[in-house]
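Participant: Sequence plus the predicted model coming up.
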Amino acid sequence: MSIAASAKVITFIHTRDREKAKAFYGGTLGFKLTSDDDFAAVFDLNGISLRITQIDNHVAHAHTVLGWEVKDIVAAISGLRAHGVTMNIYPGFGQDDLGIWTSPDGKARVAFFDDPDGNGLSLTSS
């Protein structure tokens, strides 16, 4: 049996400002902080652990690093906007006014936003 077949996933995000990241993932996104020590702030993302570690010179990648599948993407975007989150709109990508891109087959709808460090996040509904 491989490790991947039996192991629970843990995901990681790096930040330049741990307090801002904690406020965003806990307050803005509403995830529960389960641990906070010298090494990481840990949030429960619906059964998956997110470890946020401070790296003072962290530079965010230009691609999405974490996303969530949601039932109602419009409601999810509205909730995020109410907390001051702005959806990313990419020129020429074909997103609507809310920032939602629809796949060519019409089955998936995706919206993109950033955390305070510029880490790319997304919402997907199908």
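Facilitator: Structure received. What you see is a predicted model, and the numbers here were worked out from it, not measured in a lab.
Participant: how many other residues sit next to T102?
Facilitator: Using other CB atoms under 10 Å, the number of residues around T102 comes to 13. Every C-beta, even on glycine, is put in place using the N, C-alpha and C of the backbone.
Participant: same check, this time on the one 10 residues further on
Facilitator: Number of residues near F112 (other CB under 10 Å) recorded here: 20.
Participant: Could you do G106 as well?
Facilitator: 8.
Participant: mind checking how far it is from Q95?
Facilitator: Going from G106 to Q95 by CB to CB, to the nearest Å gives 14 Å.
Participant: now T28
Facilitator: On the measure of CB to CB, T28 and Q95 end up 21 Å apart.
Participant: in the protein, which helix has the most residues?
Facilitator: helix 73-82 (DSSP state H).
Participant: Going C-terminal from that one, what's the next secondary structure element?
Facilitator: Scanning forward in sequence from helix 73-82 by DSSP states H and E, the next helix or strand is strand 87-88.
Participant: quick one: contacts of the next helix or strand after that following strand?
Facilitator: For strand 87-88, the succeeding helix or strand toward the C-terminus, using DSSP H and E, is strand 100-102. Residues outside strand 100-102 that contact it (CB atoms under 8 Å, 6 or more residues apart in numbering) are 73-74, 77, 87, 93-96, 108-112.
Participant: More neighbours: T28 and Q95, which one.
Facilitator: Per other CB under 10 Å, whichever of T28 and Q95 has more neighbours is Q95, with 19 against 16.
Participant: show me the contacts for the more buried one.
Facilitator: Contacts for Q95 were tallied using CB under 8 Å, 6+ apart; they are M87, I89, W101, A111.
Participant: Out of those residues, who's the most crowded?
Facilitator: Most neighbours among these, by other CB under 10 Å: A111, with 25 neighbours.
Participant: That one against G120, yeah?
Facilitator: No: contact between A111 and G120 fails when scored by CB atoms under 8 Å: they sit 11.4 Å apart.
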